[in-house]
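1. just a sequence and a predicted model for now, questions to come.
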Amino acid sequence: MDEQRVNPDRQSDERTMLRQWLDFHRATLAMKCSGLTDEQLRLRSAPPSGLSLLGLVRHMAEVERAWFRRVMSAEDAPPLFHTEANRDGDFDDVDAADVQEAFAAWQRECEHARDVEAAAPDLDGTGVHPRIGVVSMRWVLVHMVEEYARHNGHADLIRERIDGSVGD
């Protein structure tokens, strides 16, 4: 997933701004992974953390899937990279993971999420999360921006450790 990163508009309506910020952060994660080998994408950050760029991509595929398929669309969409027995499999099980498959899954989930958001008549539509209850599309979009922003900070540190690359 090698998206061109576009800065969000400084003045736009709420929905457009949320959509643009989410796409900006998706593209940021893709940028942090760009140009690395499969082995570099699997490298762990620093003990005791087991974070890797590949683990972050797999995790974000799961997050996109959970919020847009399961919560907002009420789809029966089982996890892709983790199980009930191994809740952190998306992060942990990267040593033998197929890198192309992970990026393709993330791309599919992002595209599906964009379709779900675009089909929603407004930001007030709701879905139900099994643990936290009813959430609006607005809440999900804000949460997704927050989720990517947090993990992009991790990605920035991991990338710097791999090859010294820094930047926003």
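-> The structure has been received and is ready for your questions.
2. okay, buried residues for stretch 120-137 please.
-> Residues 120, 123, 127, 135, 136, 137 are the ones in stretch 120-137 that count as buried (16 or more other Cβ atoms under 10 Å). Bear in mind the C-beta positions are built from the backbone N, C-alpha and C, glycine included.
3. can you lay out the residues you listed as TSV showing pLDDT?
-> As requested, these are exported to TSV (pLDDT from 0 to 100):
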residue	pLDDT
120	97
123	98
127	98
135	98
136	98
137	98
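4. looking at those, which is nearest residue 32?
-> residue 137 (26.9 Å; Cβ to Cβ).
5. how close does the closest one sit to residue 83?
-> Relative to residue 83, residue 137 is positioned 28 Å away (Cβ to Cβ, to the nearest Å).
6. residues contacting residue 84?
-> Counting by Cβ atoms under 8 Å, 6 or more residues apart in numbering, residue 84 makes contact with nothing.
7. can you tell me the element it falls in?
-> Counting by DSSP states H and E, residue 84 is held by no secondary-structure element, helix or strand.
8. residue 107 now?
-> Applying DSSP H and E, one finds residue 107 within helix 99-119.
9. next structured bit after that helix?
-> As assigned by DSSP H and E, the chain's next helix or strand after helix 99-119 is strand 126-129.
10. so what touches that next one?
-> 67, 71, 72, 73, 74, 134, 135, 136, 137, 140.
11. mind running it again at 10 Å?
-> The contact list for strand 126-129 (Cβ atoms under 10 Å, 6 or more residues apart in numbering) reads 66-74, 116, 120, 133-140.
12. strand partners (parallel or antiparallel) of it?
-> Under the criterion DSSP bridges, strand 126-129 sits next to strand 133-136 (antiparallel) in its sheet.
13. what packs against the very next helix or strand once past the partner strand?
-> Scanning the chain past strand 133-136 towards its C-terminal end, the next helix or strand to appear is helix 137-163 (assignment: DSSP H and E). Contacts defined by 3 or more Cβ pairs under 10 Å, 6 or more residues apart in numbering; DSSP states H and E place helix 137-163 against helix 14-33, helix 38-42, helix 53-64, helix 99-119, strand 126-129, strand 133-136.
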